[in-house]
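>>> please find the sequence and the predicted model below.
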Amino acid sequence: MTPAIELINIDKRFGAVHANNNVSLSIAKSSIHGIIGENGAGKSTLMSILFGFYAADKGEINVDGKPVKIKTSTDAIALGIGMVHQHFMLVDPFTVLENVILGAEGGALIGPALAKARAELKRLADEYELDVDPDAIVGELPVGLQQRVEILKALYKGADVLILDEPTGVLTPDEADHLFRILQQLRDQGKTVVLITHKLREIMAVTDHVSVMRRGEMVATKKTAETSVEELAELMVGRRVLLHVDKGKANPGDVVLDVKNLVWRDRKGTPRVDGVSFQVRKGEIVGIAGVSGNGQSELLDVITGIAKATSGTVMFEGDDITALHDPAILRQRGMAHVPEDRQHRGLITSFSAAESAILGWQNDPKLGRSYHLNRNAVIEQCRKQMEEFDVRPADPLLKSAKFSGGNQQKLILAREIGSNPDLLIVGQPTRGVDIGAIEFIHKRLIQLRDMGKAILLVSVELDEIRSLSDRILVMFSGRVMGELDSSADERECGLLMAGVVKDAA
Amino acid sequence: MSQRGELPTWVDIGLIPLINLAIALFISGLVVVIIGENPFRALWIMLEGALGSVKGWSYMFYYATNFIFTGLCVAVAFHAGLFNIGGDGQAYVAGLGAATPGLLLGGALAAVLPAGISQPITILIALLGSIVMGAAYGWVPGYLQAKRGSHIVITTIMFNFIASSLMVYLINNVFRPVGKMAVESRSIDDAYILNFRELGRLVGVKLPSSPLNPVVLLAFLAAFLVWYLLWRTKLGYEIRAVGANTDAAIYAGIKPQRIIMIAMAISGGLAGLVAFNEIIGVQHRLLLDFVGGAGFVGIAVALMGRSHPLGIVFAALLFGLLYQGGTELSFAIQTISRDMIVVIQGLVILFMGALEDAFRPWLSALFFKVED
Amino acid sequence: MDLSIFFEILSSTIRMSVPLILACLAGLWSERSGIVDIGLEGKILTGAFAAASASFYFQSAWAGLFFAVIISVCMALVHGYASITQRGNQVVSGVAINMLALGLTSVIGNSWFKQGGRTPALGDTTRFMPINFPGRESLFNLPVVGAISKIFLDHSVLTYLAFAMVPLSAWALAKTRFGLRLRAVGENPHAVDTAGISVAKLRYQAVIIAGILCGVAGAYLSTSLSASFVRDMSAGRGYMALTALIFANWRAWPALYACLLFGFLQAIANFLQGVKLFGFEIPVQFFNALPYVMTVILLAGFIGKSIPPRASGVPYTKDR
């Protein structure tokens, strides 16, 4: 049988990033095909190319065996391809019906289309368990139903192939199970479903075939029935050479940070951090592993006082700081923070390096008495930090934006470590940083640990976590799935990161 | 992603404003052609009108005084990431703070103190009054933005109209002496600043008549102080951090809400100095519409001067030149009215503010081609 | 208070509301598509100038209307180019449009007609006069009924056009494909883009509609409400229309009520100068400021809540 979709030698670069490296993929008709991989493996890029959102640099696409050109999403829709985006493409104040007909109104007046869509929605509801109140305002629906509207939109426009990008990220387990039933019924009725995810449980539960992507490449395609969670986890994470970091044994001392049952809910009430507890002691590095978007960022925000905890407690050096909600005071007390996103938080790209190098410490009396900011002191401090952390070019007056990622990161580390903190919280210390800088940054972190400081490290790079941490916590869906020691193997981590607890798997 | 690299600083703060000015002048020239006059002659008359005599220079600096204040007003708000369209209203309301001390206190103080002491004290109170009233009228929209989520642009527009109604009412019903026809207060006789012509007369130097007075020095001082505030104080750092990147500012423990209110108060206070110049320095009474749209010129000045006090001083002088030259032009060529300046102003705002990036890629391509 | 003054005020309310309604609907179309329009004022002003000039030149009010619309649309396209194609700051662009309009109309008017920026007075044949339907005079001469009917019937075609635009706009936004897409693009342009619809095209269409409506508002000012153009004759009506739009929470029917209310306040301010109410003399300025004060209070969330279209003021880029 001709495959529904064939992607042949697709290649796509974004600047220096090779998002898709000569990727080929064949998707059988009337099947559920999973695509799995870590963040940045290239799954979403590949599907965006198929849906006409990006143009591939090279490669061909066949739909139903015929070569096609997909330049815009209109082309994709016309070819019967529908996509449910990770961030919903819904108009919140519209009703379900209005959302469904948008772009497929069929005439200058929307009355007939609304009537038609109402009938069609009823049919789809009966056929696939896709019932939604057609007159409900979409913005007032829970996310699970909003997702259903997205699926209905695609089906109403005649999609035969339905792509879902990380569809369960926002769903409760029950909602996810319901979604899977819907997908299975769609397949049984002859539709083709492509499921992009990083969750192994889902792959095993619903797919017929699974393709694994890693770092822009297609690593393998398997029949789901003939593979195992362990094999997929290994393919996904890869057998990587552990980065070599000279590291002696940790000498953990007193507890510096004590987090108990911490919960943080977003505006819609979804718990993004869901009952997390752990401790960090003097002289140890605790690593938090996990695919991004599983609550790590929110956890860091709450601990550092940027966000306010919904419930639970955070103790810092014996004091309850849960209700403090003030990064400035925490900093004064000795909690330094290297944020995950250095471009958007760690520094101000339009400021000079010297000015970025005092971000968060601007009220330090060393930098000037009372209201005054002593420019020479600021520059001098930056110059010293640049020297100590080998920031290049060592020009305090250069705009922060003009430094490479690695040097920006060193600048931030210099600032935060330079304050001689008791606790250093580091998010993604080496994201987008060159090899040389990575080694340097890792060394400094170990050095700091050996000086008896407490370090909490969050990274989506499993290698980094494993080579630096003394203890590893794995987060998934806002929860800590388990704690491993630094000698745990990658497969074990991979399973936890994909939400599989060993006993249950 | 498509950034090829940034343009050098001198292009960014020097060349781009000049190109924009050139385009604005070119289009204005076309307008002059359309109405059947010679644009080069018009330009010459403008330049000569402003730069060809001491009187021209005096007027140019007089106009620039107000424009420096309003340009700084807009710029301080810009640095905090806010667009303050309400400079006009803030300056107008500040008229109360400028005029009331002279009208109420001036006489009383003069009765008990020698003129040499009572006058400076009253003037100082008027100065503070102008700043405080302007600041208060700027703070309220800042508060509404920070605490109630009202958009600062909309609120400041509303506040301009409210200020206008309020001031018309107060001047007409409260400040206007009974029986006086003109809608204005009585003149402030006990506390005003002599203009340079009058000061010159005291020392025997003959100067042409113009409203230029020592408040112009205050304008330069204000520019220096704003520079000092923004780049040499911790508060200034926090203001710029909030404007450049609110997320980073929050990460740094800065409270954006607090900064927004402070920045708007400073912004309004600067606008308030226009009232001080006009009422204490020029008119010596509170009158209708003394701001004359200076708040809006401030937008053009701030955009042109790249929100830097030094740039603002130059841009304000440029607009002072345009205003003075434009007045002369309207006398010399009857068919070109003084509103020609408003056209240029509009074009400068359009090109510097809204179409800023329109030819940046083009300039960028040109620049890097030359460099390669 | 004389009853006839009351009727006069109502009649004046309608006249005062007309430009507000047209401009408010213009703002509605533009802002529902996600383009903030501070430049209503400038578009009205250019429209008024073009209408008075063309009407005088061609000796036809309809020619005036035609040119008013053309010129106003040109201004709208400048705003569209800056905010849609160049993704510039929409507020700054609007402020620029207003200044350009004020300057250009004054400079060009002054040079063309040499009357200090005023255009020559138009005769009744070159203006939009109250429609002279049969039996008009005898109806107006009736006691009471005449006065009441005069409130509603003594108006030009533009007035009825303005009022007709309200249900038309409401209907078009709610019931047509174009309206649906336009509302969608103002809320979530990504949703529109992924549905295969051009965001830029929709927004340009919206901006052009705003231009047309402002042109008509301008023509009304200079060729119906008065008989010539004078400098800055829009006198803040564009801003007041914007205020009404916020007050009406970006909806067509409430926009009508807001404009009628604001028009009523203007009419009172014009007629009740120095009139005492409950022993107090309420200042004219109070009525002038009231729309703005009410809107500030509304915006601050002290009474109800006004929520703009979510994507308004944000230039559209593909990546999120």
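Everything's here; your move.
>>> spell out for me which residue occupies the centre of chain A.
residue A:292 (2.9 Å; CA atoms, centre = their mean).
>>> and the gap between that one and residue A:341?
Distance, residue A:292 to residue A:341, using CB to CB, to the nearest Å: 11 Å. From N, CA and C alone the C-beta is placed, and that goes for glycine too.
>>> thinking again about what came up before, checking the residue nearest to the centre of chain A next. Helix, strand or coil?
Three-state call for residue A:292 (DSSP: H, G, I helix; E, B strand; the rest coil): coil.
>>> contact residues of the stretch 101-250 of chain B facing chain A?
Within the stretch 101-250 of chain B, the positions near chain A by CB under 8 Å from any CB of the partner chain are B:231-238, B:240-241, B:244-245, B:247-248, B:250.
>>> just the ones of those in strands?
Among these, no residue falls in strands (DSSP state E).
>>> need the max-distance pair from those residues.
Greatest spatial distance among these (CB to CB): B:232 and B:247, at 24.8 Å.
>>> pLDDT weak spots in the stretch 1-150 of chain B?
Scanning the stretch 1-150 of chain B with the threshold set as pLDDT under 70 gives B:1-7.
>>> which residue does it bring closest to chain C?
Closest contact between the stretch 1-150 of chain B and chain C, by CB to the nearest CB, is at residue B:35 (3.7 Å).
>>> what about the residue sitting furthest away from the middle of chain A, which SS state?
The outermost residue of chain A, judged against the average C-alpha position, is residue A:369 (42.5 Å), by CA atoms, centre = their mean. Assigned by three-state DSSP, the conformation of residue A:369 is coil.
>>> kindly provide the distance from it to residue A:203.
For residue A:369, the distance to residue A:203 equals 61 Å [CB to CB].
>>> enumerate the residues of the stretch 101-250 of chain B near chain C.
Within the stretch 101-250 of chain B, the positions lying close to chain C (CB under 8 Å from any CB) are B:144, B:148-151, B:153-155, B:157-159, B:161-162, B:164-166, B:168-169, B:173.
>>> gap between residue C:93 and chain B?
4 Å (CB to the nearest CB, to the nearest Å).
>>> oh, that last question was meant for residue A:122, not what I typed.
In this view, residue A:122 and chain B are 41 Å apart by CB to the nearest CB.
>>> next, count neighbours for that residue.
If you count neighbours by other CB atoms under 10 Å in any protein chain shown, residue A:122 ends up with 12.
>>> just checking, it is part of a helix?
Yes: Residue A:122 forms part of a helix when assessed by three-state DSSP.
>>> got the confidence number for it?
Residue A:122 is assigned 92 on the pLDDT scale.
>>> how about the residue of the stretch 201-350 of chain B found nearest chain A, nearest residue that isn't a chain neighbour?
Using CB to the nearest CB, the closest approach of the stretch 201-350 of chain B to chain A is made by residue B:253 at 2.8 Å. By the measure of CB to CB, 6 or more residues apart in numbering or on different chains, the closest residue to residue B:253 outside its immediate chain neighbours is residue A:328, 2.8 Å from it.
>>> for the one you found, what are phi and psi?
With angles defined as degrees, to the nearest 10, residue A:328 sits at phi -60, psi -40.
>>> which ones are touching it?
Applying CB atoms under 8 Å, 6 or more residues apart in numbering or on different chains to residue A:328 gives the contacts A:360, A:363, B:252-254.
>>> doesn't residue A:19 make contact with residue A:45?
Yes: counting by CB atoms under 8 Å, residue A:19 is a contact partner of residue A:45 at 4.2 Å.
>>> and stretch A:458-469, average pLDDT?
Stretch A:458-469 carries an average pLDDT of 86.
>>> ends of that stretch, what's the gap?
This stretch, stretch A:458-469, spans 10 Å end to end (CA to CA, to the nearest Å).
>>> how far off centre is it?
When C-alpha coordinates are averaged (CA atoms, centre = their mean, to the nearest Å), stretch A:458-469 and its chain have centres 15 Å apart.
>>> is chain B contacted by that stretch?
No: Stretch A:458-469 does not reach chain B (CB under 8 Å from any CB); its nearest approach is 15.0 Å.
>>> now do the strands in chain C.
Using DSSP E, the strands found in chain C span residues C:276-277, C:280-281.
>>> comparing those strands, which yields the minimum mean pLDDT?
The weakest mean pLDDT among these belongs to strand C:276-277, with a mean of 66.
>>> other SSEs contacting the host helix or strand of residue B:93?
Assessed by DSSP states H and E, residue B:93 sits inside helix B:87-100. Applying 3 or more CB pairs under 8 Å, 6 or more residues apart in numbering or on different chains; DSSP states H and E, one finds that helix B:87-100 contacts helix B:54-79, helix B:115-148, helix B:152-170, helix B:256-275, helix B:294-304.
>>> quick check: mean pLDDT of the fourth one?
Regarding helix B:256-275, the rounded mean pLDDT is 97.
>>> same check on stretch C:8-21?
Here the average pLDDT along stretch C:8-21 is 94.
>>> kindly report the same for stretch C:35-55.
On average, stretch C:35-55 scores 96.
>>> and it, how far out from the chain middle?
Offset of stretch C:35-55 from its chain centre (CA atoms, centre = their mean): 9 Å.
>>> again, but for stretch C:63-80
14 Å.
>>> what residues are up against residue B:311?
Residues in contact with residue B:311 (CB under 8 Å, 6+ apart) are B:13, B:17, B:304-305.
>>> ugh, wrong one, I meant residue B:137
Taking CB under 8 Å, 6+ apart as the criterion, residue B:137 is in contact with B:86, B:89-90, B:93-94, B:159, B:163, B:268, B:272.
>>> run the last query once more with 10 Å
Contact partners of residue B:137, counting by CB atoms under 10 Å, 6 or more residues apart in numbering or on different chains, are B:86, B:89-94, B:96-97, B:156, B:159-160, B:162-163, B:166, B:264-265, B:268-269, B:271-272.
>>> please apply the same query to residue A:486.
Applying CB under 10 Å, 6+ apart, we find residue A:486 in contact with A:247, A:249-250, A:285, A:287, A:465-472.
>>> cool, and residue A:366?
A:358, A:374, A:377-378, A:381.
>>> same check on residue C:114?
B:334-335.
>>> just residue B:24 next, same as before
When contacts are taken as CB under 10 Å, 6+ apart, residue B:24 is in contact with B:300, B:304, B:343-352.
>>> give me the buried subset of these.
Among these, those classed as buried by 16 or more other CB atoms under 10 Å in any protein chain shown are B:300, B:304, B:343-352.
>>> you'd agree residue A:361 is up against residue A:332?
Yes: the pair residue A:361 and residue A:332 passes the contact test of CB atoms under 10 Å, sitting 9.3 Å apart.
>>> up against chain A, what does chain C have?
Within chain C, the positions near chain A by CB under 10 Å from any CB of the partner chain are C:171-172, C:174-181, C:183-198, C:307, C:309-311, C:318-320.
>>> which PyMOL command selects the buried ones in those residues?
Buried residues among the residues of chain C next to chain A (16+ other CB under 10 Å), as a PyMOL selection:
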select buried, chain C and resi 172+176+177+178+179+180+181+183+184+185+186+187+188+189+190+191+192+193+194+195+196+197+309+310+311
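>>> tell me the most buried of the helices and strands packed on helix B:87-100?
With neighbours defined as mean count of other CB atoms under 10 Å in any protein chain shown, the helices and strands packed on helix B:87-100 peak in mean count at helix B:294-304, which reaches a mean of 30.
>>> quick one on the thing from earlier: now, the residues of the stretch 101-250 of chain B next to chain A that are in helices?
B:231-232, B:234-238, B:240-241, B:244, B:247-248, B:250 (DSSP state H).
>>> quick one, what contacts the residue lying closest to residue A:253 once chain neighbours are set aside?
Among residues not flanking residue A:253 along the chain, residue A:282 sits closest, at 3.5 Å (CB to CB, 6+ apart). Neighbouring residues of residue A:282 by CB under 10 Å, 6+ apart: A:250-256, A:317, A:422-423, A:449, A:451-455.
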